[in-house]
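>>> sequence first, predicted model second:
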Amino acid sequence: QVQLVESGGGLVQAGGSLRLSCAASGIIIANINSMGWYRQAPGKQRELVAIVSNVGSTNYGNSVKGRFTISRDNAKNTVDLQMNSLKPEDTAVYYCNLDGREGITKPVRLYWGQGTQVTVSS
């Protein structure tokens, strides 16, 4: 069973930095298409923050380009999100995401972590 465990959220002042980490278990690297982060603020839809594919290509949401950096450690099955120059509008619950399959006979699907709160004070 695939599990995603996030860590690193918290409270920070505007202009500060935080680093989120997500560790995946129950799946091998060969079965992962991509890993990444989404976020959801109160009253808003879940939106893409950043994803990294199995070949290392990255994609960022427009609002975080130039401030956030996603990185992946294939040996550890982890994905990190370095968030710099944080703004109050970055306040949200951040969810780790994995696109892949548990085994060769299983369907490709999306997996989600439980979410970690990031709060940026002005």
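Nice, I can see it.
>>> tell me which element the residue most central in space within the chain is part of?
Geometric centre of the chain, nearest residue: residue 37, 2.2 Å, by Cα atoms, centre = their mean. Applying DSSP states H and E as the criterion places residue 37 in strand 32-40.
>>> can you tell me what sits against that strand?
Strand 32-40 has contacts (Cβ atoms under 8 Å, 6 or more residues apart in numbering) with 20, 22, 24, 46-54, 59, 70, 72, 77, 79, 81, 90, 92-100, 108, 115, 118. (Each C-beta comes from the backbone N, C-alpha and C, glycine too.)
>>> can you list the strands that that strand pairs with?
strand 47-53 (antiparallel), strand 92-100 (antiparallel) (DSSP bridges).
>>> between these, which one is closest to residue 31.
Residue 31 lies closest to strand 92-100 among those, at 4.9 Å (Cβ to Cβ).
>>> contact partners for the residue lying closest to residue 98 once chain neighbours are set aside?
Spatial nearest neighbour of residue 98, excluding adjacent residues (Cβ to Cβ, 6 or more residues apart in numbering): residue 111 at 4.4 Å. Residue 111 sits next to 2, 4, 24, 97-100 when contact means Cβ under 8 Å, 6+ apart.
>>> for residue 111, helix, strand, or coil?
strand (DSSP: H, G, I helix; E, B strand; the rest coil).
>>> would you map the helices across the chain?
Applying DSSP state H to the chain gives no helices.
>>> beta partners of the nearest residue to residue 86 once chain neighbours are set aside?
Leaving aside its sequence neighbours, residue 86 sits nearest to residue 120 (Cβ to Cβ, 6+ apart; 4.6 Å). Residues in a beta bridge with residue 120, per DSSP bridges, are residue 12.
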